[in-house]
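Engineer: Pasted the sequence and its predicted model underneath.
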Amino acid sequence: MKAVKGINGSAQVLELPNPEMIPQFVKVKTEYSVVSVGTELMMITNNGDANLGYSASGIVMEIGEGVTHVIPGQRVACYGVPAHRELLLVPKHLVVPVPEGVTQEEAAFVGIGAIAIHALRQAKLSFGETIIIAGLGILGQVIARIAHAASYKVIGLELIEERCRTLEAIGAIACRTKDELQKAVESDPGCKGADAVMLCASNRKFSMIDDAIGWLRDRGRVVIVGDTGTEFDRDLLFMKEASVHISRAGGPGRYEETYEQQGVDYPIGYVRWTEGRNMGEFLRLIAQKRIDIQSLITNECALEELPTMYQSCFEKPQKSMGIVVRYEQPNPAGVADSFNN
């Protein structure tokens with residue numbers, strides 16, 4: 001099968017062996033995958049051998065022992081495995097059915113959606129509270145849409161004008177500078193600072209935590225979502241008794257062998273929102289028209305064109321937001337034509 005990986009600082013199209021079926025896993029023929037631009041560009045630059053992508057949609061080819069919630073031929077969305085490849089072998093809890101009313105392109109954003117939902121849960125917001133989102137790339141934009149749907153007051157901070165206009169299109173406030181952001185917060189007499197600040201930028205050399213603490217109300221929360229710097233001034237944190245949290249991917253279960261590899265779920269009475277349940281919730285929001293993902297799709301390319309697309313993102317970041325990779329291939333052996341319907 002064809003796949004795209006990061007090799008010694010560049011993205012390359014490779015031929016890899018087809019994955020072999022194992023218990024508690026699902027084999028999926030990929031139809032679309034989505035590029036998490038900031039994360040993947042950083043992986044290409046910093047890693048000698050990088051598996052790229054983590055969010056996709058496709059058609060179930062085969063199910064392993066212990067899989068009962070999907071069947072061959074069914075449309076599904078997938079998360080948590082290298083996604084830019086023609087065939088995926090995915091843990092069963094990271095495969096969710098795609099409901100009616102959701103396109104395969106939209107469903108391919110499910111991994112980004114689960115990460116966004118878990119980040120918002122880490123903020124522990126209540127109805128009507130104010131959230132600041134610093135960094136309006138694809139992840140920040142999805143967080144903003146979900147937060148807006150939940151009736152939080154959404155304020156974004158972003159230097160790139162095109163991304164600000166994308167946020168403003170949903171009725172949220174977009175700020176181009178820190179001074180503009182401070183004025184937006186102070187303009188609401190009932191707001192003594194944001195209840196939570198989400199840091200979505202991907203730059204380990206730069207920390208915005210001190211800025212975020214300054215934007216918070218007393219005892220507010222900073223949530224680190226992007227791969228960003230983490231240095232901060234203890235005195236600033238102390239004076240507001242603020243808290244700093246990090247959001248680990250799509251939710252409880254991520255990187256846990258018993259959940260992902262062995263297929264053992266957490267009882268819902270103890271863990272209400274696992275990463276798998278967050279995936280399903282994201283698709284529900286799309287299906288019920290609570291959030292619009294289609295308008296975030298700015299680019300589409302074939303798998304073979306993905307390395308060139310990465311280069312365009314390096315050179316013109318303002319031109320890319322939601323990048324969808326399409327897979328046009330003949331059916332693998334054993335997959336009926338009806339699977340594509």
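Structural biologist: Received, thanks.

Engineer: Which helix or strand lies directly C-terminal to the lengthiest strand in the chain?
Structural biologist: Looking across the chain with DSSP state E, the single longest strand is strand 25-35. Heading C-terminal from strand 25-35, the first helix or strand you meet, by DSSP states H and E, is helix 37-46.

Engineer: Report the angle between that following helix and strand 25-35.
Structural biologist: 100 degrees (axes from the mean of the first three to the mean of the last three C-alpha atoms, to 10 degrees).

Engineer: now what about helix 37-46, what contacts it?
Structural biologist: Applying C-beta atoms under 8 Å, 6 or more residues apart in numbering, the contact partners of helix 37-46 are 6, 9-11, 50, 52-53, 137-139, 201-202, 226-227, 310, 313-314, 317, 320, 323. The way it works is simple: take the backbone N, C-alpha and C, and place the C-beta from them, glycine included.

Engineer: Show me which residues of it are buried.
Structural biologist: Buried positions in helix 37-46, judged by neighbour count with 16 or more other C-beta atoms under 10 Å: 37-44.

Engineer: Looking at those residues, which is nearest Cys191?
Structural biologist: Closest approach between these and Cys191, by C-beta to C-beta: Gly38, at 28.8 Å.

Engineer: Which residue ranges of the chain form helices?
Structural biologist: 37-46, 104-107, 110-123, 138-149, 161-168, 178-186, 209-215, 234-240, 257-260, 275-287, 306-315 (DSSP state H).

Engineer: possible to save those as TSV with mean pLDDT and distance to Tyr327?
Structural biologist: Output for the helices of the chain, formatted as TSV (pLDDT from 0 to 100; distance: least, C-beta to C-beta, whole Å):
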stretch	mean pLDDT	distance to Tyr327
helix 37-46	89	17
helix 104-107	98	10
helix 110-123	97	16
helix 138-149	97	20
helix 161-168	96	26
helix 178-186	92	40
helix 209-215	95	39
helix 234-240	95	47
helix 257-260	96	24
helix 275-287	98	20
helix 306-315	92	11
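
Engineer: residues contacting the residue nearest to Leu159 when sequence neighbours are not counted?
Structural biologist: Spatial nearest neighbour of Leu159, chain neighbours left out: Arg176 (6.6 Å); criterion: C-beta to C-beta, 6 or more residues apart in numbering. Contacts for Arg176 (C-beta under 8 Å, 6+ apart) come out as 158-159, 161, 164.

Engineer: Equivalent analysis for Ala134, please.
Structural biologist: With C-beta under 8 Å, 6+ apart, Ala134 has these contacts: 140, 156-158, 197-201, 208, 211-212.

Engineer: His245 against Gly220, yeah?
Structural biologist: No. If you go by C-beta atoms under 8 Å, His245 and Gly220 don't touch, sitting 11.1 Å apart.

Engineer: So for those two, which sits in the more crowded spot?
Structural biologist: Neighbour totals were compared for His245 and Gly220, and Gly220 leads with 23 against 15 (other C-beta atoms under 10 Å).

Engineer: how about low-confidence regions in the stretch 1-150 of the chain?
Structural biologist: Residue ranges of the stretch 1-150 of the chain with pLDDT under 70: none are present.

Engineer: quick one: Glu304 and Ala11 touch, right?
Structural biologist: No. The pair Glu304 / Ala11 is not scored as a contact, 11.1 Å apart, by C-beta under 8 Å.

Engineer: Between those two, which has more neighbouring residues?
Structural biologist: In this view Glu304 and Ala11 are compared by other C-beta under 10 Å, and Ala11 has more residues nearby, 21 against 12.

Engineer: OK, contacts around the residue nearest to the spatial centre of the chain?
Structural biologist: In the chain, the residue lying closest to the centroid (C-alpha atoms, centre = their mean) is Ile112, at 1.5 Å. By C-beta under 8 Å, 6+ apart, the contact set of Ile112 is 34, 36, 55, 138-139, 142.

Engineer: how far does stretch 271-278 stretch from start to finish?
Structural biologist: Distance across stretch 271-278, first residue to last, is 11 Å (C-alpha to C-alpha, to the nearest Å).

Engineer: Now that stretch: buried residues?
Structural biologist: By 16+ other C-beta under 10 Å, the buried positions in stretch 271-278 come out as 273-278.

Engineer: roughly how far apart are Met42 and Ser36?
Structural biologist: Look at Met42 and Ser36: by C-beta to C-beta, to the nearest Å, they are 10 Å apart.

Engineer: Verify the stated contact: Val28 with Val60.
Structural biologist: Yes. Counting by C-beta under 8 Å, Val28 does reach Val60; the two are 5.9 Å apart.
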